[in-house]
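Chemist: Got a predicted model here, sequence first, then my questions.
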Amino acid sequence: MEESWLEFVAARLPELWLRTREHLMLTAVSTSLAIAIGIPLGIVARSRPGLRAPLLGAIGVVQTVPSLAMLALLLALLDRIGAVPAVAALTLYALLPIARNTLTGLQGVPEEVREASRGLGMTVRQQLLMVDLPLAAPVIIAGIRTAAVVGVGVATLSAFIGAGGLGQFINRGLSLSNTRLIVLGAVPAALLALLVDFTIAAAQWGMRPSRRTEAGPILPRLRPVAVALPFLLFAAGIVPQMSPPATAGDGERTSAPTIRIASKNFTEQVLLGEIMAQLLETRTSLRVERRFNLGGTMICHRALTSGEIDLYAEYTGTGLTAILQRPPMSDPGDVLRIVREEYRREFDARWLPPLGFNNTYAITVRRGAAGREGWRTVSDLAPRAASLTAGWTAEFSERPDGYPGLIEAYEYRFGTTLDVDPALMYQAIHRGQVDVIAAFSTDGRIAAYDLQPLVDDRRFFPPYEAAPVVRLDTLEAHPEIEETLSRLAGRLDNETMQSLNYEVDHRKRRPGEVAREFLLSQDLL
């Protein structure tokens, strides 16, 4: 029986509070940094007209870069996942409204007031601090309000690079096709944006001079409280994040070493991450930190090589073509041998024994269309390809073992190609919005949506055997990881993996619950 909304939310309240604090922290730190940078930039733009246009132009250009692109660029520049690139991106996005409003506010100060301050003998610094900025404060605070509210919205994308926040629920919901998770992240984020806007507006009211028309002693006394509200709200997000993370379990595990396990942003990866995490938690003394639903292959790989994570499940064909940039090969043994050798040499990482299934790409159509058109192999699509719409994941659109290589191998193109999120790709073909997709062969939605994978008759796609990939220094420090995870070798065939995926994607069960049932069925827990 499906749990009610109340049960659903109640079961996730501790994590909801954690993600809300993370979201507040990202917004608070980035907005504070933007204030510290943006107000001086606005002052410089007012005092030096020659720098005004290039300065605001440069900040404006940053604002036009799409959010995900900015996160990806900073991820590459900083070579790490998590809060640092996220805060950097949010700070850059918050600069324009603060700097521009500072300039506008300062330009709006009446010239006769400035002349009077000079007549009183004020220095330039005194004039700025005692006249210009106080008079421009309402406009400046309006810019801060805009920056902070926009920051709350953009911060939801930070989960894409492992920075946490309420976007983690949204990201997870998209990857699992779970509307409840999306709502669980989206609604609190919207409420948080309203709360941030309200507290800054209250502080703006509190900084205004008291009026004689304010009746009674209560209203004037509320002004200091109103001014403190945004600081208290931001402190609620920052201070808890500065304390050591709480551990689940008794006191003797608080000093246990932590192993960070990641996954990409689709169901099978989350399931594999849960299976490995639960196995390590049960059979070793290690504490596991889950960093699931990161972006695609390159984000997980970069996190592994930079030491941000310790292990994740990868696919041999993906390692061969996307990471090592080798041409596709058809022999599973050769592919495994090459990735093992090259990962050890180039990345100080080890491929553990494969889990037992081959999740290859499968060019897939609706079963009814395949019957009508007589489509059985990928080559059969050639006569109609120019009139068909294909939906690919973003990775498949660019990878050498994806659409670019498929074009060369089969010598035809589809009329229209769309980039579609992995979680939405199956719905799109089921509803007739696309005609062809590059499905994952172990995905349970192939059967659920009555789809027909076509035979790769030219054997273009390499084998994609899933296996844990672990940093060598992690294995040297904790050799029990290899011994424990090797128990999974060969335990997951294609049919089993498809069944597990089906339980999560179609029956909407939790990945942790499904993973636990599998491990129990294998006598591994």
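Modeler: Nice, thanks for sending it over.

Chemist: Report the distance from the helix or strand harbouring Arg145 to the chain centre.
Modeler: Per DSSP states H and E, Arg145 falls inside helix 133-154. How far helix 133-154 lies from its chain's middle: 26 Å, per C-alpha atoms, centre = their mean, to the nearest Å.

Chemist: Send me that helix as CSV with only the CA atoms.
Modeler: Written as CSV, here are the backbone C-alpha positions of helix 133-154 (Å, rounded to 0.1, in the frame of the first residue of the first chain):
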residue,chain,number,x,y,z
LEU,A,133,25.0,55.5,1.5
PRO,A,134,22.2,56.2,4.0
LEU,A,135,20.2,58.0,1.4
ALA,A,136,20.8,55.3,-1.2
ALA,A,137,20.1,52.5,1.3
PRO,A,138,16.4,51.8,0.2
VAL,A,139,17.5,51.3,-3.4
ILE,A,140,20.5,49.2,-2.4
ILE,A,141,18.4,47.0,-0.1
ALA,A,142,16.0,46.5,-2.9
GLY,A,143,18.9,45.1,-5.0
ILE,A,144,19.9,42.8,-2.1
ARG,A,145,16.3,41.5,-1.8
THR,A,146,16.3,40.7,-5.5
ALA,A,147,19.7,39.0,-5.3
ALA,A,148,18.8,36.9,-2.3
VAL,A,149,15.5,35.7,-3.7
VAL,A,150,17.0,34.8,-7.0
GLY,A,151,19.8,33.0,-5.1
VAL,A,152,17.3,30.8,-3.3
GLY,A,153,15.9,29.7,-6.7
VAL,A,154,19.3,29.2,-8.4
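
Chemist: Could I get the buried residue list for it?
Modeler: Within helix 133-154, the residues scored as buried using 16 or more other C-beta atoms under 10 Å are 133, 135-136, 139-154. Every residue, glycine included, has its C-beta placed from N, CA and C.

Chemist: quick one: the strands in the chain?
Modeler: 258-262, 287-291, 311-315, 349-351, 361-366, 389-392, 416-419, 436-440, 451-453, 466-471 (DSSP state E).

Chemist: Pick out the residue nearest the middle of this structure.
Modeler: For the chain, the residue sitting closest to the mean C-alpha position, by C-alpha atoms, centre = their mean, is Phe160 at 1.0 Å.

Chemist: quick one: contacts for it?
Modeler: With contact set as C-beta atoms under 8 Å, 6 or more residues apart in numbering, Phe160 has these partners: Leu68, Leu71, Gly167, Asn171, Asn265, Leu294, Gly295, Ile299.

Chemist: The second one: neighbour count?
Modeler: A count of nearby residues for Leu71, using other C-beta atoms under 10 Å, gives 25.

Chemist: can you pull the contacts of it?
Modeler: Counting by C-beta under 8 Å, 6+ apart, Leu71 makes contact with Pro85, Ala86, Ala89, Leu157, Ser158, Phe160, Ile161.

Chemist: same thing with the third one?
Modeler: Counting by C-beta under 8 Å, 6+ apart, Gly167 touches His23, Ala155, Thr156, Leu157, Ser158, Ala159, Phe160, Gly185, Ala189.

Chemist: any idea of the pLDDT on the nearest residue to the first one once chain neighbours are set aside?
Modeler: Just to be clear, that refers to His23. In space, and not counting its chain neighbours, His23 is closest to Gly165: 4.0 Å by C-beta to C-beta, 6 or more residues apart in numbering. pLDDT for Gly165: 89.

Chemist: contacting residues around Arg487?
Modeler: Taking C-beta under 8 Å, 6+ apart as the contact definition, Arg487 lies against Leu279, Arg283, Leu524.

Chemist: do that again at 7 Å, thanks
Modeler: By C-beta atoms under 7 Å, 6 or more residues apart in numbering, the residues touching Arg487 are Leu524.

Chemist: how is the protein carved up into domains?
Modeler: If you go by automatic domain parsing, the domain ranges for the chain are 5-241, 256-358+466-521, 361-453.

Chemist: Nearest to Phe460 among those domains would be which one?
Modeler: Each of the domains of the chain has some distance to Phe460 by C-beta to C-beta; the shortest is domain 361-453, at 4.0 Å.

Chemist: what number of residues lie near Pro54?
Modeler: Here the count is done by other C-beta under 10 Å, and Pro54 has 10 residues near it.

Chemist: right, and Leu176 touches Val504 too?
Modeler: Yes. With contact defined as C-beta atoms under 7 Å, Leu176 reaches Val504; the gap is 6.1 Å.

Chemist: From Arg367, how far out is Ile430?
Modeler: No Ile there; residue 430 is His. His430 is 11 Å from Arg367, where distance means C-beta to C-beta, to the nearest Å.

Chemist: ugh, wrong one, I meant Phe414
Modeler: Distance, Phe414 to Arg367, by C-beta to C-beta: 19 Å.

Chemist: So between the two, which is more surrounded?
Modeler: Phe414 (22 against 15).

Chemist: Please look at the more buried one and Leu388 and confirm they touch.
Modeler: Yes. Look at Phe414 against Leu388 with C-beta under 7 Å: they come within range, at 5.2 Å.

Chemist: Between the two, which contacts overlap?
Modeler: With C-beta under 7 Å, 6+ apart as the test, Phe414 and Leu388 both reach Val436.

Chemist: Any stretches of the protein with poor pLDDT?
Modeler: Along the chain, the model assigns pLDDT under 70 to residues 1-2, 175, 209-220, 241-255.

Chemist: what packs against the longest helix seen in it?
Modeler: Counting residues, the longest helix found in the chain (DSSP state H) is helix 13-47. Packed against helix 13-47 by the contact rule (3 or more C-beta pairs under 7 Å, 6 or more residues apart in numbering; DSSP states H and E) you find helix 49-64, helix 83-107, helix 133-154, helix 179-206, helix 218-242.

Chemist: quick one, which of those helices is packed in tightest?
Modeler: Highest mean neighbour count among these (mean count of other C-beta atoms under 10 Å): helix 83-107, with a mean of 23.

Chemist: What number of neighbouring residues does Asp523 come out with?
Modeler: 7.

Chemist: if we can go back for a sec, so which of the helices and strands packed on helix 13-47 is nearest Ile338?
Modeler: helix 83-107 (31.5 Å).

Chemist: what angle sits between that closest one and helix 218-242?
Modeler: Angle of helix 83-107 versus helix 218-242, following axes from the mean of the first three to the mean of the last three C-alpha atoms, to 10 degrees, is 150 degrees.

Chemist: angle of helix 83-107 against helix 49-64?
Modeler: Between helix 83-107 and helix 49-64, the angle comes out at 140 degrees (the same axes, to 10 degrees).

Chemist: Would you mark the buried spots in stretch 32-40?
Modeler: For stretch 32-40, the neighbour count (16+ other C-beta under 10 Å) marks Ser32, Leu33, Ala34, Ile35, Ile37, Gly38, Ile39 as buried.
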